[in-house]
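[1] coords please:
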Amino acid sequence: MTQNHDPYSDAQALVGLTLGKATDYQAEYDASLLQGVPRSLNRNAIALTERLPFHGADIWTGYELSWLNAKGKPMVAIVEVYLSYESLNLIESKSFKLYLNSFNQTKFDNIDSLQKNLIQDLSQCAQGDVNIKIIEPKNFATQRIIELPGTCIDDLDIAVSDYTFNPDYLENSTDEKQIVAETLNSNLLKSNCLITSQPDWGSVMIRYQGPKIDREKLLRYLISFRQHNEFHEQCVERIFVDLKRFCHCAKLTVYARYTRRGGLDINPYRSDFEQPGENHRLARQ
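    Got it, this is the predicted structure:
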């Protein structure tokens, strides 16, 4: 079994986070509430130190965006945030929630002004490109609920007794004589928050071209995240790297959609051959 040293145990970048600490909520705009976590903490640990083998985005959906218009009337909307995979930092989710709450009693002349503030602050925190889409109530009816494409592997009848993260489940998991292009998904992805150890529930889609992957071994690998402590974005990048390493995928997309916490869901998308589609939520979200 592969032994993994915890890359986060001595990380100074995590020391000052508000995550896991008692926090007073601020209802007036304060960009300083945002906190970033260097992506390098995880990427160094999985040997992503040179040119990244994927592109993509961290796709956030915020369901609790509210502010005051110029006349002081409360407004609400849903905000979609696309944060580039190339940003130096990921955005820590509790700080993001606190930041969005700080708009609650803040006046903005119009939505354009609000959007400008969001882009400026999130870009500065992440040190990377950010795109924002604000969905007003008049457009709520256009929001769709879908399920991930592909074949679900969760009905495989397997016995499981070990829930320790173990990429070695993917060893010898491919049939080199069968070259396929297929899309698989699972709703059994579960990991834990790196700081608080609270459960993070997700569904994951894996689209690949290459030697056929043994579905039972893949499912065991995904289940092995069940007690693994790592941020959402880091888990997805780890899955991508492990599938490339063990399964020799010629083309690969890993896309996870996590259930919301504090009015936010995080949906990391990493691919080496395609771009994210529309941000439609799953039934569990």
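
[2] Okay, Trp67 and Asp121: tell me how far apart.
    Distance, Trp67 to Asp121, using Cβ to Cβ, to the nearest Å: 14 Å. For the C-beta atoms, the positions are set from N, CA and C on the backbone; glycine is no exception.

[3] Please apply the same query to Cys193.
    23 Å.

[4] can you count the residues close to Asp154?
    As a burial measure, Asp154 scores 12 neighbours (other Cβ atoms under 10 Å).

[5] so it, which of the three states?
    coil (DSSP: H, G, I helix; E, B strand; the rest coil).

[6] That one contacts Leu219, correct?
    Yes: shown here, Asp154 and Leu219 form a contact pair, counting by Cβ atoms under 8 Å, at 7.2 Å.

[7] Which other helices and strands does the strand or helix carrying Ile132 contact?
    Secondary-structure assignment from DSSP states H and E places Ile132 in strand 130-135. In this structure, strand 130-135 makes packing contacts with strand 74-84, helix 111-126, judged by 3 or more Cβ pairs under 8 Å, 6 or more residues apart in numbering; DSSP states H and E.

[8] Could you check how far the longest one is from the centre of its chain?
    Mean C-alpha position of helix 111-126 versus that of the full chain (Cα atoms, centre = their mean, to the nearest Å) differs by 20 Å.

[9] Give me the angle between that helix and strand 130-135.
    Using axes from the mean of the first three to the mean of the last three Cα atoms, to 10 degrees, the inter-axis angle of helix 111-126 relative to strand 130-135 is 150 degrees.

[10] Repeat that for the first one.
    What separates the directions of strand 74-84 and strand 130-135 is an angle of 150 degrees, with the same axes, to 10 degrees.

[11] How far does strand 74-84 sit from its chain's centre?
    16 Å.

[12] Check which residues of it are buried.
    Ala77, Ile78, Val79, Glu80, Val81, Tyr82, Leu83, Ser84 (16 or more other Cβ atoms under 10 Å).

[13] Would you format the residues you listed as a markdown table with distance to Ser203 and pLDDT included?
    As requested, the buried residues of strand 74-84 are arranged in a markdown table below (distance: Cβ to Cβ, whole Å; pLDDT from 0 to 100):
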| residue | distance to Ser203 | pLDDT |
| --- | --- | --- |
| Ala77 | 25 | 98 |
| Ile78 | 20 | 98 |
| Val79 | 22 | 98 |
| Glu80 | 18 | 98 |
| Val81 | 20 | 98 |
| Tyr82 | 19 | 98 |
| Leu83 | 20 | 98 |
| Ser84 | 23 | 98 |
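
[14] Could you pull out the strands in the stretch 151-285 of the chain for me?
    Chain-ordered strands for the stretch 151-285 of the chain, with DSSP state E, counting those that start in this stretch as the definition, fall at 151-152, 174-192, 199-213, 251-258, 264-271, 281-282.
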